[in-house]
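Q: Predicted model follows, preceded by the sequence.
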Amino acid sequence: QVQLVESGGGLVQAGGSLRLSCAASGRTFTMYAMGWFRQAPGKEREFVAAISWSGGRTYYADSVKGRFTISRDNAKNTVYLQMNSLKPEDTAIYYCAATKGYYSDYRYDYRYDYWGQGTQVTVSS
């Protein structure tokens, strides 16, 4: 069992930056690949970014590539999402997720086993 707690959300102006954190409980953090998803009002949840257990491989949605960076610190059981050049369309609840599965594609939310409660990110124009 893994518990995930996100933090770092808030209100920011367009063009600004935020860093989200996701702290995981348990001693098996390195067994999990980690992902970030987001859900805007009235829209389906969508993939944002993912990172392999070692941090050696990262994956991004086209909409955030070049602006967002996912990273992890296995010593701190924490995964991060650095978000730069934020746009109003980035406004959403951002969720952290963990999966033990080994896949070539981490974009699908059904492949994740554990989810955090989410943190709100609001980008004003």
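A: Alright, I've got the coordinates. As the structure is a computational prediction, the values presented were derived from the model and not from experiment.
Q: On the three-state scheme, the residue nearest the centre of the chain is what?
A: Compute the mean C-alpha point of the chain, and by CA atoms, centre = their mean the closest residue is residue 36, 2.2 Å away. Secondary structure, DSSP: H, G, I helix; E, B strand; the rest coil: residue 36 is strand.
Q: Tell me the spatial nearest neighbour of it, not counting adjacent residues.
A: Counting by CB to CB, 6 or more residues apart in numbering, residue 48 is the residue found nearest to residue 36 once chain neighbours are left out, at 4.3 Å. In this view, the C-beta of every residue, glycine as well, is placed from N, C-alpha and C.
Q: thought the residue nearest to the centre of the chain was touching residue 58?
A: No. Using CB atoms under 8 Å, residue 36 is not in contact with residue 58, being 10.9 Å away.
Q: The nearest residue to residue 85 once chain neighbours are set aside and residue 22, how far apart?
A: Nearest residue to residue 85, sequence neighbours excluded (CB to CB, 6+ apart): residue 67, at 4.6 Å. Per CB to CB, to the nearest Å, residue 67 is found 19 Å from residue 22.
Q: Show me which of the two is the more surrounded one.
A: Counted by other CB atoms under 10 Å, residue 67 and residue 22 do not tie: residue 22 has more neighbours, with 25 against 15.
Q: Correct me if wrong: the more buried one contacts residue 115.
A: No. The pair residue 22 and residue 115 fails to qualify as a contact (CB under 8 Å) at a distance of 10.2 Å.
Q: Look up the residues that both of these two are in contact with.
A: 4, 96 (CB atoms under 8 Å, 6 or more residues apart in numbering).
Q: What is the three-state secondary structure of residue 30?
A: Look at residue 30: counting by three-state DSSP, its state is helix.
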